[in-house]
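In: Sequence unavailable; structure follows:
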């Protein structure tokens, strides 16, 4: 796990466009960033490394299992749906129970955003892997098929061969996105470009350690 200067759990709200000073527009993703609570501090003496466990998205207690609820009550924080661990550069500045907000970021920061990509179900090789497929002419009998999967001599398909299968619904990280706006009153972070997942998806935002 990489060391970061600052990090939070958030939720993708959606996309919009904003205008720069010279009048040109560009797409941005709006992320509801926090508030997050420090649930646990890990130390070198006890755990072998330093890190912070953060929690996000308050929910009803009955929706959590008892071990998780007990863990949160020990930290004196509300019932939280999402937990994630961050290796902060300076963990001494934070205490268990502390609330982290979007103010930890500033315009111009570069962040990595991780989330689960949209699930697209079962897909063929043309859509999933970008294969060109065969001729589209009449009588071809090939079209969008994967074609040969290997020689007959090994009598098996080699590992890693591109074939039809499930597409999407996997962890994706988009790196080096620029923070172009912050709305502190609504805990919103605006980053240039797109991030994984559909609206409402939980995402992890990490500010790179300089």
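Out: Structure's in. What do you need? For clarity, every value in this text was computed on a predicted model and none was experimentally measured.
In: show me where the protein has helices.
Out: Under the criterion DSSP state H, the chain contains helices at 44-47, 66-74, 125-129.
In: Count residues in the vicinity of the nearest residue to residue 97 once chain neighbours are set aside, would you?
Out: In space, and not counting its chain neighbours, residue 97 is closest to residue 76: 5.0 Å by CB to CB, 6 or more residues apart in numbering. For glycine as for every other residue, the C-beta is placed from the backbone atoms N, C-alpha and C. Counted with other CB atoms under 10 Å, residues neighbouring residue 76 total 10.
In: swap in the one 5 residues further on?
Out: Summarising burial for residue 81: neighbours were counted as other CB under 10 Å, giving 15.
In: tell me the contacts of it?
Out: Contacts for residue 81 were tallied using CB atoms under 8 Å, 6 or more residues apart in numbering; they are 56-59, 63-64.
In: Filter these down to the buried ones.
Out: Buried members of those, scored by 16 or more other CB atoms under 10 Å, are 56-57, 64.
In: How about the contacts made by residue 196?
Out: So residue 196 contacts 113-118, 171-174, 203 (CB under 8 Å, 6+ apart).
In: export those residues to JSON lines and tack on pLDDT, neighbour count and distance to residue 13?
Out: Compiled in JSON lines, the contacts of residue 196 are given as follows (pLDDT from 0 to 100; neighbours: other CB atoms under 10 Å; distance: CB to CB, whole Å):
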{"residue": "113", "pLDDT": "96", "neighbour count": "25", "distance to residue 13": "13"}
{"residue": "114", "pLDDT": "96", "neighbour count": "18", "distance to residue 13": "17"}
{"residue": "115", "pLDDT": "95", "neighbour count": "22", "distance to residue 13": "13"}
{"residue": "116", "pLDDT": "96", "neighbour count": "16", "distance to residue 13": "16"}
{"residue": "117", "pLDDT": "95", "neighbour count": "16", "distance to residue 13": "17"}
{"residue": "118", "pLDDT": "95", "neighbour count": "13", "distance to residue 13": "16"}
{"residue": "171", "pLDDT": "95", "neighbour count": "10", "distance to residue 13": "20"}
{"residue": "172", "pLDDT": "96", "neighbour count": "14", "distance to residue 13": "18"}
{"residue": "173", "pLDDT": "95", "neighbour count": "13", "distance to residue 13": "19"}
{"residue": "174", "pLDDT": "96", "neighbour count": "17", "distance to residue 13": "16"}
{"residue": "203", "pLDDT": "96", "neighbour count": "24", "distance to residue 13": "10"}
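In: Filter those down to just the ones in strands.
Out: Among the contacts of residue 196, the members found in strands (DSSP state E) are 113-116, 171-174, 203.
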